[in-house]
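J.: prediction below, plus the sequence it came from.
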Amino acid sequence: MDAFFKLPLRKKLALKRKPGDLCGYSGAHADRFSSKLPWKETLSFTYDHGLDVVNYIKSFMGEEFQEAGCAYQTYCESLRNLSFIIFELLAISLGIDRYHYSGFFEDGASIMRGNNYPPCKEAGLTLGTGPHTDPNSLTILHQDQVGGLEIFSNNKWVAIRPRHDAFVVNLGDTFVALSNGRYRSCLHRAVVNNEKVRRSLVFFVNPKDDRIVRPPSGLVRGEEAKEYPEFTWSDLREFTQKYYRADANTLHNFVQWLYSVKYGQL
Ligand SMILES: C=C1C[C@]23C[C@H]1CC[C@H]2[C@]1(C)CCC[C@@](C)(C(=O)O)[C@H]1[C@@H]3C(=O)O
Ligand SMILES: O=C(O)CCC(=O)C(=O)O
Ligand SMILES: [Fe+2]
């Protein structure tokens with residue numbers, strides 16, 4: 001990732017994400033937003049179980065990234081396996097079939113994202129990533145030793161101390177619906193500093209695009225008891241990529257959009 005973000009801007013822009021697509025390079029999301037631009041660059045690609053990551057990275061970034069491709073291949077496969085273990089633990093904690101969620105995500109496709117946060121002379125006047133809950137289902141993050149990830153807990157921002165030997169795991173909005181509201185998604189942000197570049201690797205786990213997101217029957221007592229309408233990850237990704245910058249209220253606004261646009265019920 002270091003080698004990529006040190007490339008000349010014209011080479012990075014050659015991999016610029018296409019409008020509405022999550023994958024590719026983005027510089028401060030300057031092509032998407034006209035205010036409150038995040039102080040960061042990102043490089044994202046979709047990972048599904050069958051992807052030959054090495055060839056994908058080489059074709060996408062160049063032959064010189066063969067070694068990076070091998071590292072990403074191992075990393076993505078390992079995090080996919082870890083996600084299934086986490087989903088089993090979540091199912092057990094909810095008292096449902098322990099394989100319910102891992103089965104639901106078996107044919108899913110995740111997003112691998114590298115975040116590069118350059119130092120900022122006026123670090124207090126900007127944010128690397130603004131306050132948000134992740135719209136996806138589950139996030140497995142590794143931050144470098146610089147520090148900058150914060151969660152909102154007990155009405156204050158709390159720094160998450162970097163640990164080189166640990167991942168940060170948080171639930172996203174889609175899992176709120178999959179658990180029928182029994183779990184909440186974690187509000188977090190990334191701050192920057194005026195001295196050092198900061199990097200994080202983020203693995204966003206998602207179900208297959210068109211798989212219907214609904215809670216297991218064991219978590220729903222009667223039709224009225226469903227907390228959220230049914231939707232797909234494809235719907236929520238479209239909402240965040242085309243109509244709404246994910247923030248602390250994405251799920252609420254997404255449901256309004258679903259009813260008005262998708263179901264025409266408002
Ligand atoms: C589905 C996604 C949209 C974002 C990347 C993944 C999960 C987190 C989302 C994001 C990081 C939340 C803050 C705003 C955002 C625009 C960003 O700063 O990158 C979001 C991502 C995105 O829309 O690219
Ligand atoms: O870089 C970080 O520590 C947080 C990044 C993040 O929240 C995201 O990319 O969704
Ligand atoms: Fe996030």
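T.: Good, I have the coordinates. Ligands and ions are numbered 1, 2, ... in the order given.
J.: give the buried residues for the lengthiest helix in the chain.
T.: Among the segments of the chain that qualify as a helix by DSSP state H, the longest is helix 66-94. Neighbour counts over helix 66-94 (16 or more other CB atoms under 10 Å) mark 68-69, 72-73, 75-76, 79-80, 82-84, 86-88, 90-91, 94 as buried. Just so you know, the C-beta spots here come from the backbone N, C-alpha and C atoms, and that holds for glycine as well.
J.: same check, this time on stretch 165-172
T.: So stretch 165-172, judged by 16+ other CB under 10 Å, has buried residues 168, 170-172.
J.: nearest to ligand 1, of these?
T.: Comparing the buried residues of stretch 165-172 against ligand 1 with CB to the nearest ligand atom places residue 172 closest, at 7.0 Å.
J.: check contacts around the closest one.
T.: By CB atoms under 8 Å, 6 or more residues apart in numbering, the contact list for residue 172 reads 133-139, 185, 204.
J.: with adjacent residues omitted, what lies nearest to it?
T.: Leaving aside its sequence neighbours, residue 172 sits nearest to residue 134 (CB to CB, 6 or more residues apart in numbering; 3.8 Å).
J.: what's the neighbour count on that neighbour?
T.: Neighbour count of residue 134, defined by other CB atoms under 10 Å: 24.
J.: returning to what we had before: which members of the contacts of residue 172 additionally contact ligand 2?
T.: residue 134 (CB under 6 Å from any ligand atom).
J.: quick one: contacts for the residue most central in space within the chain?
T.: Computing the C-alpha centroid of the chain and ranking residues by CA atoms, centre = their mean puts residue 204 first, at 3.8 Å. By CB under 8 Å, 6+ apart, the contact set of residue 204 is 110-111, 113, 134, 136, 138-139, 172.
J.: quick one: which helix or strand includes it?
T.: strand 198-205 (DSSP states H and E).
J.: which SSE is immediately downstream of that strand?
T.: helix 233-238.
J.: can you give me the helices in the stretch 51-200 of the chain?
T.: 53-61, 66-94, 100-105, 173-178 (DSSP state H, counting those that start in this stretch).
J.: and the angle from the second one to helix 53-61?
T.: Translated: helix 66-94. 120 degrees (axes from the mean of the first three to the mean of the last three CA atoms, to 10 degrees).
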